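K.L.:
sequence and computational prediction follow.
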Amino acid sequence: MKPLLFRSVVLATALIAGSITPAVAESDEVPDPIDIESANPMSGDPEAIEAGAFLYGRWCVQCHGVKADGWSPRWGKWGFDLRTWWRGYEKFIEVVAVGKLPKMPPFGEYLDFDQISQIGAFLETVSIEGANWQ
């Protein structure tokens, strides 16, 4: 499946959840994703990527935006641009599970290891230059 399809799943999920409005959903041109090497065992798995897109739309889009670029539909430039995640897969798991205050709350009590890995697998499909998932 193409990354555009996954972006559409995230957008549709966010619209249904009511976390964004159609006016905010209109997007500018999105950079082409890059091929990425990853330590994530779910990397490249279409089912994991689709599940990750859904979970991203439910838990992450409010702060990191529809395009995962850190532009929140609610607060403007708020979250980290996840398309350029550079700290590697293990650090991603840690940050999502335990948080990174003051902005990033812990999600470990809501998302299990597999669900966080699925979100990572989805984010790999939108990664741009500078990303590191090793």
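P.N.:
It's in.
K.L.:
low-confidence ranges in the chain?
P.N.:
Scanning the chain for pLDDT under 70 picks out the ranges 1-36.
K.L.:
mind running it again at 90?
P.N.:
Where the chain drops to pLDDT under 90, the residues are 1-44, 72-80, 88, 101-103, 124, 127-134.
K.L.:
helices of the protein, residue ranges please.
P.N.:
Assigned helices in the chain, in chain order: 3-17, 22-25, 46-59, 61-64, 89-98, 113-124 (criterion: DSSP state H).
K.L.:
got the buried residues for the third one?
P.N.:
Under the neighbour-count criterion of 16 or more other C-beta atoms under 10 Å, helix 46-59 has Ala48, Ile49, Glu50, Ala51, Gly52, Ala53, Phe54, Leu55, Tyr56, Gly57, Arg58, Trp59 buried. (C-beta placed from N, C-alpha, C; glycine too.)
K.L.:
export those to CSV and tack on distance to Gly130?
P.N.:
Shown next, in CSV, are those (distance: C-beta to C-beta, whole Å):
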residue, distance to Gly130
Ala48, 23
Ile49, 21
Glu50, 25
Ala51, 26
Gly52, 20
Ala53, 22
Phe54, 26
Leu55, 24
Tyr56, 20
Gly57, 24
Arg58, 26
Trp59, 24
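K.L.:
flag every buried residue along stretch 73-86.
P.N.:
Pro73, Gly79, Phe80, Asp81, Leu82, Arg83, Trp85.
K.L.:
correct me if wrong: Leu123 contacts Val61.
P.N.:
No. Using C-beta atoms under 8 Å, Leu123 makes no contact with Val61, being 11.8 Å away.
K.L.:
neighbour-wise, which of the two wins?
P.N.:
The neighbour count for Leu123 versus Val61, taken as other C-beta atoms under 10 Å, is higher for Leu123 (27 against 24).
K.L.:
can you tell me the closest non-neighbouring residue to the more buried one?
P.N.:
The shortest distance from Leu123 to any non-neighbouring residue, by C-beta to C-beta, 6 or more residues apart in numbering, is to Leu82 (5.2 Å).
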